[in-house]
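Asker: Below are the sequence and a predicted model; questions follow.
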Amino acid sequence: MKGNSPIRGKVYLVGAGPGDPELLTLRALRLLRSADAVLHDDLVPVEILARIGRETILENVGKRCGVKRVSQQEINAHMIALARGGLAVVRLKSGDPSLFGRAGEEIAALEAAGVEYEIVPGVTAVSAAAAAAGISLTDRRSASQLVLLSGHRAADAPPEIPAPGATGQTVAVYMPTGSYESLAARFEDAGWPRTTPCAIVSAASQPNQHVWRARLAELAQVPRLAAPALLIVGKVTAGTAALAFPTSILEPEGYVVTL
């Protein structure tokens, strides 16, 4: 149902976007204003939480720097209990719920419990980071693929870096953990040239946003940027001027390039 009022006895997995309240979707804003309960992640800023209805039950169930307030199993059980109690529940996640937001685990728990749910997408961090850095994540001249990686996984294994594709590739690493030097080394081990440009964006779309540009060989000298941060690697981070079409393919009335 896509009306203005949420359905009681239902859970909404809602994306809060990257942090700027103006990047909330209208659907997300309506649900925040009318939900009975909101369970939010730690990275959702107070400017967004301020838009939640005054009578709404508001609980922080997130974690910061690996320190959990509530386990994932407890969050699942709490959502289910609230929905079974006849409440309209918003599970509010930063960015988009389906990208590194544990939505899959929560969906599985809700389905097993027979609780109705709906996913409300949000602007994901990599889109906001690209906007902050003034780059296009894909470009038919240099990057026909976009690969999204998590900086850490459930088994605490480092991200598996793909080899650079023949048609060009952009790789975005969400929540890069460990040292930037070790990340750069993993890219180089996967075949990426040390001269590959990259950008690290911290707090994309928020007032304390910061963008740092470097090459893989220089990442070791980049100061550690505050979370939430995202690393983007690929030719697109060099800017559009560095990706000019060769003059040989330019025609008087435009150009045609096939990926």
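Answerer: In hand now; what should we look at? Numbers count the residues shown, from 1 in each chain.
Asker: all helices for the stretch 101-250 of the chain, in order.
Answerer: For the stretch 101-250 of the chain, the helices defined by DSSP state H, counting those that start in this stretch cover 103-113, 125-133, 180-189.
Asker: how about the shortest one as PDB, C-alpha atoms only?
Answerer: What it means is helix 125-133. Provided in PDB are the C-alpha atoms of helix 125-133 (Å, rounded to 0.1, in the frame of the first residue of the first chain):
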ATOM      1  CA  ALA A 125      26.400   6.600   0.400                       C
ATOM      2  CA  VAL A 126      28.300   6.000  -2.900                       C
ATOM      3  CA  SER A 127      25.900   8.200  -4.800                       C
ATOM      4  CA  ALA A 128      26.300  11.000  -2.200                       C
ATOM      5  CA  ALA A 129      30.100  10.500  -2.200                       C
ATOM      6  CA  ALA A 130      30.300  10.800  -6.000                       C
ATOM      7  CA  ALA A 131      28.200  13.900  -5.900                       C
ATOM      8  CA  ALA A 132      30.400  15.400  -3.200                       C
ATOM      9  CA  ALA A 133      33.500  14.600  -5.300                       C
END
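Asker: got a list of contacts for that helix?
Answerer: 17-20, 23, 94-95, 99, 136-137, 148, 172, 174, 199, 201, 204-205, 209, 211, 213, 228, 230, 232, 237 (Cβ atoms under 8 Å, 6 or more residues apart in numbering). (C-beta placed from N, C-alpha, C; glycine too.)
Asker: my guess is residue 219 contacts residue 198, does it?
Answerer: Yes. Counting by Cβ atoms under 8 Å, residue 198 is a contact partner of residue 219 at 6.9 Å.
Asker: Compare neighbour counts for those two and give me the winner.
Answerer: residue 198 (28 against 23; other Cβ atoms under 10 Å).
Asker: Out of the helices of the stretch 101-250 of the chain, which one sits most buried?
Answerer: Across the helices of the stretch 101-250 of the chain, averaging neighbours per residue (mean count of other Cβ atoms under 10 Å) puts helix 125-133 on top, at a mean of 23.
Asker: Tally up the residues packed near residue 115, please.
Answerer: Residue 115 has 19 nearby residues by other Cβ under 10 Å.
Asker: so what pLDDT did it get?
Answerer: On pLDDT, residue 115 comes in at 98.
Asker: Could you measure from it over to residue 97?
Answerer: Counting by Cβ to Cβ, to the nearest Å, the gap from residue 115 to residue 97 is 16 Å.
Asker: Run through the strands of the stretch 101-250 of the chain in chain order.
Answerer: 116-120, 145-150, 169-174, 197-202, 210-215, 229-233 (DSSP state E, counting those that start in this stretch).
Asker: ok, the fifth one: who's next to it in the sheet?
Answerer: Strand 210-215 has the following strand partners under DSSP bridges: strand 197-202 (antiparallel).
Asker: From the rest of the structure, what touches the strand it pairs with?
Answerer: Contacts for strand 197-202 (Cβ under 8 Å, 6+ apart): 128-129, 132-133, 135, 176, 180, 208-216, 219, 222, 225-235, 237-238, 242.
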